[in-house]
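Trainee: Structure of the sequence below:
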Amino acid sequence: MLISDRYPYLDFQCHVYGECFRGTAYVDTGFNGGIVVPESCWSRLWPVYAEESMVLGDGSATVTPSWRGLVRIGDQSFQVRVVCIGDEFIIGREVIDRARLCLHNGEHLVLDFDGPDPRLRPCIFRLTPYLPGKPIEEVKRELGLDDVIKMASNENVLGPSPKAIEAIRNLAPEVFYYPEGSAPELRKALAEKWSVTPEQVILGNGSDELLVYIGLAVLNPGDQIIQADPTFSEYRYVATLCGAEVVSIPMKDLTHDLAAMKEAVTGRTKLLFIANPNNPTGTIVTRQEVETLWDGLPQHVTVVFDEAYSEYAESEDYPDGLQYVREDRNVIVLRTFSKAYALAGLRVGYAIASEEIVGYLNKLRQPFNVNSVAQAAAVASLRDTDQVPRTQKLNSEGKRYLCEEFDRLGLKYAPSDANFIFVDTGKDSKEVFQALMQKGVIVRTGDIFGYPTHIRVTIATPAMNQRFIRELKTALHTDPANAQR
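Mentor: Coordinates of the predicted model:
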């Protein structure tokens, strides 16, 4: 960091949500440029504005994504962009000339970080809404297509159990009643299926709702979560909502690097998320890797196994997260009826943990959070012992077909234990996405996960899989300029 000899040090005040800190900054006219504020100030901002760090290309400094603040010099005020580099907190170059006036006039530089709207919590401005896969009807309207297939959101195209459909029809006339809030019949059925007690089961309006409950129960501002990168975006959402810091550990061969995740644990770490199988890669952590994780892991860290795709896992060394619940470890296991049971539209997720943990989560559960139709359909699904085997057979055959076709095309892909495949097309994923969508095939681009040439495709029926491969071959040899025609 270069310090200019031309400009003396500068007194400043920093306002952070009602608190005021005073200190001395200096002007940097070097490569980064701007007003440099010492750690004593920005470290107070860190719990409020905590974001994932990035390392500059040459490894010289760690940088957090920038945000905007309000700078006041005398009777003037203006917004500037702010960034942390290494151990310093830098205000953009545009401040320098105005700061020089401040020096001449003996005024204070005032940094005001009360946010765009002081009525709101600061985390609101850092939340990114979830972006779902493009709906079929939207594509039909936009492109004037009649025949569109969706292979983007990992839905089970086999559909719900006939018993679930019958239960939905039977209950429809009674939906004017409120549901049973604690869903005793469904919790009992799940407890019997997984050899736990009903008191160890809590239901949510999808497992997303349960993730929020876990965050609210465990995380304080300034705490940390550890997750893989890339992984399910809702872990970051929950941490941000609670004012916690997200520590993202890059994957190793598109798989969780549990050793690195364990090494990243600090005294502030409260939650460690393991999506197993992982979304968007479909890869798993093995039983042996999890066993190694337990050795020396501090008791203040709760491990959350998100097993939304567990029914699809075929690897022999896939670990059952519920085993660790039965061993009374500090874990929470999340599962869902959205995938293998094909009830995504009804939103039924559940968590299994110790009775103590579930008791705390129940204090946060909203009344009637899982509707009566969803409860009835889920119970009926569990009673249909053919639903999951049917789904597994379809998925296994479809995965084998798609992988063989990718091999013929020379495309690399992650080994999947889920109902989707993360494949490298070797081209801009957005261009491939557009070309496929023009032909009525919806997939998921990989750029949102940090893999700009990958796509994620849901394993579907034989006819859908074949159509996808046919259109993919065309897309891979299509000039992007012609994709919109």
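
Trainee: hey, where'd the strands end up in the stretch 101-250 of the chain?
Mentor: 109-112, 149-150, 201-204, 224-229, 245-250 (DSSP state E, counting those that start in this stretch).

Trainee: Go through these and pick out the most buried.
Mentor: strand 201-204 (a mean of 25; mean count of other Cβ atoms under 10 Å). For glycine as for every other residue, the C-beta is placed from the backbone atoms N, C-alpha and C.

Trainee: can you give me how far that one is from the chain middle?
Mentor: 20 Å (Cα atoms, centre = their mean, to the nearest Å).

Trainee: what are the pairing partners of that strand, and which direction each?
Mentor: strand 349-352 (antiparallel) (DSSP bridges).

Trainee: Check the offset of the strand it pairs with from the chain's centre.
Mentor: 18 Å.

Trainee: and it, what's its mean pLDDT?
Mentor: Strand 349-352 carries an average pLDDT of 98.

Trainee: cool, and stretch 141-152?
Mentor: 95.

Trainee: Report the buried residues of it.
Mentor: Neighbour-count burial for stretch 141-152 flags 148-152 (criterion: 16 or more other Cβ atoms under 10 Å).

Trainee: same thing with stretch 171-187?
Mentor: Those would be 171, 179, 182-183, 186-187, for stretch 171-187 by 16+ other Cβ under 10 Å.

Trainee: Residues touching it, excluding its own?
Mentor: For stretch 171-187, contacts defined as Cβ atoms under 8 Å, 6 or more residues apart in numbering pick out 198, 201-203, 348, 367-373, 375-376, 378-379.

Trainee: Restricted to helices, list those residues.
Mentor: Judged by DSSP state H, helices contain the following of those: 372-373, 375-376, 378-379.

Trainee: Now flag whichever of those residues is closest to residue 283.
Mentor: residue 378 (27.9 Å; Cβ to Cβ).

Trainee: Quick check, the closest one in contact with residue 335.
Mentor: No: with contact defined as Cβ atoms under 8 Å, residue 378 does not reach residue 335; the gap is 11.2 Å.

Trainee: got the contact list for the closest residue to residue 460 other than its chain neighbours?
Mentor: Nearest residue to residue 460, sequence neighbours excluded (Cβ to Cβ, 6 or more residues apart in numbering): residue 157, at 4.7 Å. By Cβ under 8 Å, 6+ apart, the contact list for residue 157 reads 458, 460-461, 464.

Trainee: in the chain, which helix or strand is least confident?
Mentor: Lowest on mean pLDDT, DSSP states H and E among the helices and strands of the chain sits strand 54-55, with a mean of 34.

Trainee: can you pick the most crowded of the ones in helices among the contacts of stretch 171-187?
Mentor: Within the ones in helices among the contacts of stretch 171-187, residue 378 tops the neighbour count with 26 neighbours, counted by other Cβ atoms under 10 Å.

Trainee: any idea how far it is from residue 186?
Mentor: Counting by Cβ to Cβ, to the nearest Å, the gap from residue 378 to residue 186 is 5 Å.

Trainee: Report the set of residues contacting both of these two.
Mentor: residue 348.

Trainee: Spatially, which residue comes closest to the residue nearest to the spatial centre of the chain, not counting chain neighbours?
Mentor: The chain has residue 233 as the residue nearest its centroid, 1.1 Å off, counting by Cα atoms, centre = their mean. Nearest residue to residue 233, sequence neighbours excluded (Cβ to Cβ, 6+ apart): residue 130, at 6.3 Å.

Trainee: residues contacting the one you found?
Mentor: Counted by Cβ under 8 Å, 6+ apart, residue 130 has contacts 233-234, 237.

Trainee: rerun at 10 Å
Mentor: The contact partners of residue 130, taken as Cβ atoms under 10 Å, 6 or more residues apart in numbering, are 208, 232-234, 237.

Trainee: one step back: hmm, the residue nearest to the centre of the chain is touching residue 448, no?
Mentor: Yes: with contacts counted by Cβ atoms under 10 Å, residue 233 reaches residue 448, the gap being 8.4 Å.

Trainee: Overlap in contacts, the two.
Mentor: 131, 280.

Trainee: and residue 356, what does it touch?
Mentor: 199-200.

Trainee: Tell me the secondary structure at it.
Mentor: helix (DSSP: H, G, I helix; E, B strand; the rest coil).

Trainee: On the pLDDT front, check it for me.
Mentor: 97.

Trainee: What's the separation between it and residue 332?
Mentor: In terms of Cβ to Cβ, residue 356 sits 11 Å off from residue 332.
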